Structure formats: C-alpha cells, structure tokens
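Chemist: 3D, please:
(one chain, ligands or ions: 1)
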Amino acid sequence: MREILAKTLLSAVKQPEPWFGLRYNMNLYRGCQHGCIYCDTRSECYGIDDLSDVAVKVNAFDLLQDELPRKRVKGTIGFGSMNDCYQPLEADLRMTRRALEIIARHGFPVHILTKSDLVVRDLDLLQRISGVYAAVSFTVTTADDELAQKLEPGAPLPSWRYAAMAQFSAAGVCSGVMMMPVLPFIEDNEENVQSIVRRTAEAGGSYIVAGLGMTLRDRQREYYYAQLDRLFPGLRQKYERRFGERYSCAANGTARLEAVFREACARYGIVTRIPLYGPQAAVQGRLL
Ligand code: SF4
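Modeler: Residues are numbered from 1 along each chain as shown. Coordinates of the predicted model:
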C-alpha cells in the first residue's frame, strides 16, 4: 500500500448519465485488491501498471471538505468506478466511511458499487444518507460461489454479497445488482441469469442492471487471456476466433438471454433500472 496526494477528488460526470444518475465520481484508492480476472482498470488508458499495488489518497478528506460546499448542484456522487471502495484495505483504513460522514453532513446523494459485504459496516450512515438518496449496488456476475472464486479471487463470495443486500433491504435502503460483465462462454447461460435474478429477489433487492457481455482491450485482454489459459484451457482460442481484436464482446445468444432476464425480473417484480435520485429520474425517463 502506498500513500499519494491527489490534486482534486470529485470529477464531474458527463451529463446526462442515465445508468446510475451520477453527477460526480470519486476514487479514494487507485488499484484494487479484488483482482477480478476481467477487470477493465488494467487497460492502458488508466495508467495503472499493477492493479494490486494499491495507492491511498491520504488528503482525500481535506479535498472533499473543500470541494463539496463549492458544488452548485447536489447531484449523486458515485463510489467504485475504477476500484472497489470496500476492498479489504478499507476495513482498517476507513477511507470510505470517513468520506460518507462528510457527504452526509453536506446532504449529497450517493451511489455505491461494490462486491464486498464490508459495506454493511456503514449501513447506519447509508441509511442516514438515504433520507436524501442512497443506492447500494452489488456486482454479481455469477451466483455460483465456486466459479466466483476463480473469476474474482480477492472478492467476498456472491452469497455474502446477497446476505449484505438482505440487510440493506431490511433497513429500507435501496439495493440491487449490477449483473455485468456476463463473460462469454463462462457465465452467459440461462441458469446463471435465472439464479442471479432469483437470489436478488430472495435478498429483497429491487433492481438488476444487466450488461450481457464484456469489453476487452490491450493490457486487460492480455491479462484475461493469460488467466483463461490457466483456469479454462482452450477458451482463449474460442475468444480469439469469435471476437478478434473487438472491444465489445457480446454474450452468446444475447437476445435469448435478454428475454430470459426480462421474464425472470417481471416474475419476481424486479425492475431493470436503478431508481434514481429525483432530479436525475426525469432525465432517465427521457433517455431509456
Ligand atoms: S472489484 Fe472492480 S475494480 Fe476491483 S478488481 Fe474487480 S472489477 Fe476491478
């Protein structure tokens, strides 16, 4: 772990942003201990040579205290775009918790994206922030714990994520699932999609946002293919034949999977968009 000084903390999100309704993005860490084999943060454009070498922005709180009062728009702040804000280091460092305390004092809405049940530690704060708006989204790409251990080796198991989701739902905090990526030839089957939807419903989640496929580029692709060779011999060749150098890699039978997904969500009363913070909800309604 390294300490670094950041110049700014909140970055403005290009508007309109219909998926999470974010106005600002915030990263307290650079790098991520979860080590997902498909992680896009390995792409060259982000300039992170070693994803597991995590840097901590030690001046984040001074920056946040300074920047928040100067924002004219109280838009949603997103946590967890290029790292997981509840990766294992957070248990001791409490960077995310301290940032949430400052945000709660300033009355800004928040969206959390995580693969970790550590977020339950901050349920009290998120419940308070949900008086304005808070949504806690758990990324689940497979409901199978054994498979997840291969694909997301440093992250808590999906069953733990669902247990955490149940606690948020019981506490009345809006919670649901980001089902993305859905890895071609590994996770793009009806059973997986059905099981993610069913488990979300059982945990009281109210939404699932799906991305049926994945993206691959430069260094991210190299790392992913090396892991396929280790974990699923022969699969790299299928990817190379199907996708070549393509960035966007769709799931097999996307239309069929999409239909299965929508039918299962309808059956369980789960919506396929995140309910957004008031002012952004109108924009979402126009765009989607
Ligand atoms: S949790 Fe997210 S940021 Fe961290 S390694 Fe996995 S995909 Fe990358």
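Chemist: mind checking the SS state of Cys32?
Modeler: coil (DSSP: H, G, I helix; E, B strand; the rest coil).
Chemist: Could you tell me how many residues sit around it?
Modeler: 25 (other Cβ atoms under 10 Å). Yep, even glycine has a C-beta here, placed from its N, CA and C like the rest.
Chemist: Quick check: closest non-adjacent residue to it.
Modeler: Nearest non-adjacent residue to Cys32, counting by Cβ to Cβ, 6 or more residues apart in numbering: Asn83, 4.1 Å away.
Chemist: what's near enough to touch the one you found?
Modeler: Asn27, Tyr29, Arg30, Gly31, Cys32, Thr41, Val54 (Cβ atoms under 8 Å, 6 or more residues apart in numbering).
Chemist: Quickly note the distance from the third one to Met1.
Modeler: Distance, Arg30 to Met1, by Cβ to Cβ, to the nearest Å: 11 Å.
Chemist: Quick test: name the residue nearest the centre of this protein.
Modeler: Geometric centre of the chain, nearest residue: Leu113, 3.8 Å, by Cα atoms, centre = their mean.
Chemist: correct me, but that residue touches Thr76?
Modeler: No. Using Cβ atoms under 8 Å, Leu113 is not in contact with Thr76; the gap is 11.8 Å.
Chemist: list the residues that contact both of these two?
Modeler: Phe20.
Chemist: of the contacts of Asn83, list those near the ligand.
Modeler: Among the contacts of Asn83, the residues within reach of the ligand (Cβ under 6 Å from any ligand atom) are Cys32, Thr41.
Chemist: any chance of the contacts of Asn83 in CSV, with pLDDT too?
Modeler: Below are the contacts of Asn83 laid out as CSV (pLDDT from 0 to 100):
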residue, pLDDT
Asn27, 96
Tyr29, 97
Arg30, 96
Gly31, 97
Cys32, 97
Thr41, 96
Val54, 97
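Chemist: Would you format the contacts of Asn83 as JSON lines with distance to Arg219 included?
Modeler: Shown next, in JSON lines, are the contacts of Asn83 (distance: Cβ to Cβ, whole Å):
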{"residue": "Asn27", "distance to Arg219": "19"}
{"residue": "Tyr29", "distance to Arg219": "19"}
{"residue": "Arg30", "distance to Arg219": "16"}
{"residue": "Gly31", "distance to Arg219": "14"}
{"residue": "Cys32", "distance to Arg219": "15"}
{"residue": "Thr41", "distance to Arg219": "10"}
{"residue": "Val54", "distance to Arg219": "18"}
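Chemist: between the contacts of Asn83, which is closest to Arg72?
Modeler: Asn27 (22.2 Å; Cβ to Cβ).
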